[in-house]
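Visitor: Provided below for reference: sequence and predicted model.
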Amino acid sequence: GAVVSQHPSWVICKSGTSVKIECRSLDFQATTMFWYRQFPKQSLMLMATSNEGSKATYEQGVEKDKFLINHASLTLSTLTVTSAHPEDSSFYICSAREGRAGSLPDTQYFGPGTRLTVL
Amino acid sequence: RKEVEQDPGPFNVPEGATVAFNCTYSNSASQSFFWYRQDCRKEPKLLMSVYSSGNEDGRFTAQLNRASQYISLLIRDSKLSDSATYLCVEAFSGTYKYIFGTGTRLKVLA
């Protein structure tokens, strides 16, 4: 159980285009999803916290107008990188918090990640 | 000071060796910690949780030292398949946010 999927797994796009990444919890309802970014040889950096039906909470330094997050249902959150530039090239990973009775508190399950390359 | 600090390594150890990593945190009120392992170009996978004094799962033992504000991970009888980056995580109650350490890279050598 507790499987999280991401789509696409990798994407290459031209500078200036927008890219949408989907994150789905496949076998549980996720009231909270998180979006991270990881540059080579660095750790995961939290970009934003996404709660179903409400606006995302962005971390300091993350532009909310550039990284649009939508959490329309308990199983789906999307991250749209608008007007992508080469410096946005990174590994984007989502996670979902299960929160069911009996599960470990605060456990996050991670999607397989999306590797974005902006040319 | 970074919130979660780890020695980046790499730790190169022979098969069968015992290796230990430490991770320091700055928020004395934190109660939830995790160890994740991350293979190259893959997502992190949960290895162990650390809620109280410690946790043991087979060859892996995690301990929490609140007085000195660090978490440790001990791996006994290292296998080649243990080669990965080990990420320490501090979890915040309420917001459920994770703060990741920079990771410690382990290479188990044949």
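Guide: Done, it's in.

Visitor: What about residue A:88? Give its phi and psi, please.
Guide: Here the main-chain torsion angles of residue A:88 (degrees, to the nearest 10) amount to phi -80, psi -10.

Visitor: Quick check: residues of chain A near chain B?
Guide: A:32, A:34, A:42-46, A:49, A:91, A:93, A:95, A:97, A:104-113, A:115 (C-beta under 8 Å from any C-beta of the partner chain). Where you see a C-beta, it was placed from the backbone N, CA and C, and this is true even at glycine.

Visitor: start to end distance for stretch B:25-36?
Guide: With C-alpha to C-alpha, to the nearest Å as the measure, stretch B:25-36 spans 16 Å from end to end.

Visitor: Give me the subset of the residues of chain A next to chain B lying in strands.
Guide: Where the residues of chain A next to chain B overlap with strands, as defined by DSSP state E, the overlap consists of A:32, A:34, A:45-46, A:49, A:91, A:93, A:95, A:97, A:108-110, A:115.

Visitor: now, which of these sits nearest residue B:15?
Guide: Lowest distance from residue B:15 to these (C-beta to C-beta) belongs to residue A:110, with 28.3 Å.

Visitor: my guess is the closest one meets residue B:38, correct?
Guide: No - counting by C-beta atoms under 8 Å, residue A:110 sits too far from residue B:38 to count as a contact (9.1 Å).

Visitor: Now for the two: what residues contact both?
Guide: B:44-45 (C-beta atoms under 8 Å, 6 or more residues apart in numbering or on different chains).

Visitor: And the closest residue in space to residue A:53 that isn't next to it in sequence, which helix or strand is it part of?
Guide: Across the structure, with C-beta to C-beta, 6 or more residues apart in numbering or on different chains as the measure, the residue nearest residue A:53 apart from its sequence neighbours is residue A:71 (7.1 Å). Assigned by DSSP states H and E, residue A:71 belongs to strand A:67-73.

Visitor: quick one, that strand and strand A:90-97 angle?
Guide: Here strand A:67-73 runs at an angle of 30 degrees relative to strand A:90-97 (axes from the mean of the first three to the mean of the last three C-alpha atoms, to 10 degrees).

Visitor: Just the CA atoms of strand A:67-73, as PDB, please.
Guide: Once non-C-alpha atoms are left out, strand A:67-73 reads as follows in PDB (Å, rounded to 0.1, in the frame of the first residue of the first chain):
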ATOM      1  CA  PHE A  67       5.300  27.100  -9.800                       C
ATOM      2  CA  LEU A  68       1.600  26.700  -9.900                       C
ATOM      3  CA  ILE A  69       0.200  24.000  -7.600                       C
ATOM      4  CA  ASN A  70      -3.300  22.600  -7.800                       C
ATOM      5  CA  HIS A  71      -4.700  20.000  -5.400                       C
ATOM      6  CA  ALA A  72      -8.200  19.400  -6.800                       C
ATOM      7  CA  SER A  73      -8.800  16.100  -5.200                       C
END
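
Visitor: pLDDT averaged over the next helix or strand after it - what is it?
Guide: Sequence-wise, the next helix or strand beyond strand A:67-73 is strand A:76-81, with elements assigned using DSSP H and E. Regarding strand A:76-81, the rounded mean pLDDT is 96.

Visitor: other SSEs contacting strand A:76-81?
Guide: Identification of packing neighbours for strand A:76-81 by 3 or more C-beta pairs under 8 Å, 6 or more residues apart in numbering or on different chains; DSSP states H and E yields strand A:19-25, strand A:32-38, strand A:67-73, strand A:90-97.

Visitor: one more time with 6 Å, if that's ok
Guide: With contacts defined as 3 or more C-beta pairs under 6 Å, 6 or more residues apart in numbering or on different chains; DSSP states H and E, the packing partners of strand A:76-81 are strand A:19-25, strand A:67-73.
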